[in-house]
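3D, please:
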Amino acid sequence: MDRSRLDGLALSITGRGQVEREPVFRELRELGLSPIEAIYVASRVLGLSLPEAKTAIYASTAWRDQQEDWQRLQSGLEE
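Numbering: from 1, shown residues only. Just a heads-up that it's a prediction; the model follows:
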């Protein structure tokens, strides 16, 4: 994960004034970011903690289809 690139993206989004959740989540998905990268950028843009950003992303229409895969991955790591 290239934090410098992601921080630049967050700054770009914030600079445009686009800080509504759904449009931000949709843009991050369209840009092809991984869920972890999207959570990182969303937390910066929307002023959320990382856990809050994770919850918000998987509740969004743009990322909802990824929630099951993410939970399955996390469950596999815990076993």
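
what number of residues lie near R44?
17 (other C-beta atoms under 10 Å). All C-beta spots, glycine's among them, are computed from the backbone N, C-alpha and C.

Go ahead and confirm it touches A10.
Yes - taking contacts as C-beta atoms under 8 Å, R44 lies within contact range of A10: 3.8 Å.

Dump the C-alpha coordinates for whichever helix or strand D7 is part of into PDB.
Following DSSP states H and E, one finds D7 within helix 3-15. Taking C-alpha atoms only, helix 3-15 is exported to PDB below (Å, rounded to 0.1, in the frame of the first residue of the first chain):
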ATOM      1  CA  ARG A   3       0.400   5.700   1.500                       C
ATOM      2  CA  SER A   4       1.900   8.700  -0.300                       C
ATOM      3  CA  ARG A   5      -0.300   8.000  -3.300                       C
ATOM      4  CA  LEU A   6      -3.300   7.400  -1.200                       C
ATOM      5  CA  ASP A   7      -2.800  10.600   0.800                       C
ATOM      6  CA  GLY A   8      -2.500  12.500  -2.500                       C
ATOM      7  CA  LEU A   9      -5.800  10.900  -3.600                       C
ATOM      8  CA  ALA A  10      -7.500  11.900  -0.300                       C
ATOM      9  CA  LEU A  11      -6.200  15.400  -0.700                       C
ATOM     10  CA  SER A  12      -7.500  15.600  -4.300                       C
ATOM     11  CA  ILE A  13     -10.900  14.400  -3.300                       C
ATOM     12  CA  THR A  14     -11.100  16.800  -0.300                       C
ATOM     13  CA  GLY A  15      -9.900  19.600  -2.500                       C
END
